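Visitor: One predicted model, sequence on top.
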Amino acid sequence: KYSRKDNPAVELMKKVIAAIAEASADDAQSILDAQAAYDKLNDAQKAEVSNYSRLEALNTVAIDAAAVSELIAALKGEDRVLTYADVEEINAAKKAYDALPDAGKAMVVDVEVLNNAVAMIEAIQKAATTVQEEIEGLPTADELTKEDFADVVLARTHYDALSEDAKGLVIKNGKKVIVK
């Protein structure tokens, strides 16, 4: 029988925990594997693993990072094309990602998919807002003059150039002649 000091399973577990980094998606799997190995120890061995609290903290972060990675994976599904209709799902993934500590963010897979989706939503919102402001700057139909014609045509051209998603965000104001 091994003494507490010489228990090879315990010593190996301590070394595994000490060796785990915490800054990449690859390390997330190492953390989960280490937790699985720890779970196989008996209670007496577990009690001897003095650095388990580190693994426990990393495991929580890895689990949270894996959940965010799943949200992102759902955004990029096979043949999926994101549109503004996906804004709630994109925002939920972004909120979950932002809530992670830096170590967890480093473990998330396909962050560029999330960043691209967020950038798409922001671009649609910005385009719609720009055109909305342009439309709001026009006079009402009752106030229109010949001098306003070029501004109306320009605003209509900008509106027509918007994606369908962006057009859906432009508030349709009955007083404006640009949007019917």
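Guide: Noted; the coordinates are in hand.
Visitor: How far does the helix of greatest length in the chain sit from its chain's centre?
Guide: The residue-count maximum for a helix in the chain (DSSP state H) belongs to helix 111-136. Relative to its chain's centre, helix 111-136 lies at 16 Å (Cα atoms, centre = their mean, to the nearest Å).
Visitor: same deal with stretch 79-91?
Guide: With Cα atoms, centre = their mean, you get 12 Å for stretch 79-91.
Visitor: same question, stretch 69-77
Guide: 9 Å.
Visitor: in that stretch, what's buried?
Guide: Of the residues in stretch 69-77, 69, 71-72, 75 count as buried by neighbour count, 16 or more other Cβ atoms under 10 Å. To be clear about C-beta, it is placed using only N, CA and C from the backbone, and glycine gets the same treatment.
Visitor: by contact count, what packs against the longest helix of the chain?
Guide: Helix 111-136 sits against helix 52-75, helix 87-99, helix 149-161, helix 164-169, with contacts defined as 3 or more Cβ pairs under 8 Å, 6 or more residues apart in numbering; DSSP states H and E.
Visitor: I'd say Pro139 and Phe149 touch.
Guide: No. Using Cβ atoms under 8 Å, Pro139 is not in contact with Phe149, being 11.1 Å away.
Visitor: Any regions of this protein where pLDDT drops low?
Guide: 1-6, 21-26, 172-180 (pLDDT under 70).
Visitor: please redo it, this time with the cut-off set to 80
Guide: Within the chain, the ranges that satisfy pLDDT under 80 run 1-6, 21-27, 77-78, 171-180.
Visitor: ok so, going back, tell me which of Pro139 and Phe149 has more neighbours.
Guide: Neighbour totals were compared for Pro139 and Phe149, and Pro139 leads with 15 against 10 (other Cβ atoms under 10 Å).
Visitor: Pull the number of nearby residues for the residue lying closest to Pro139 once chain neighbours are set aside.
Guide: Spatial nearest neighbour of Pro139, excluding adjacent residues (Cβ to Cβ, 6 or more residues apart in numbering): Asp148 at 5.8 Å. Asp148 sits with 14 neighbouring residues when counted by other Cβ under 10 Å.
Visitor: my read: Asp148 touches Gly137, true?
Guide: No. Checked against Cβ under 8 Å, the pair Asp148 and Gly137 is beyond contact range at 10.3 Å.
Visitor: if we can go back for a sec, may I see the helices and strands packed on helix 111-136 organised as CSV, with distance to Ala127 added?
Guide: What follows is those, written out as CSV (distance: least, Cβ to Cβ, whole Å):
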stretch, distance to Ala127
helix 52-75, 21
helix 87-99, 14
helix 149-161, 9
helix 164-169, 5
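Visitor: I'd like to know which of those is closest to Asp43.
Guide: Asp43 sits nearest to helix 52-75 of all the helices and strands packed on helix 111-136, at 12.3 Å, using Cβ to Cβ.
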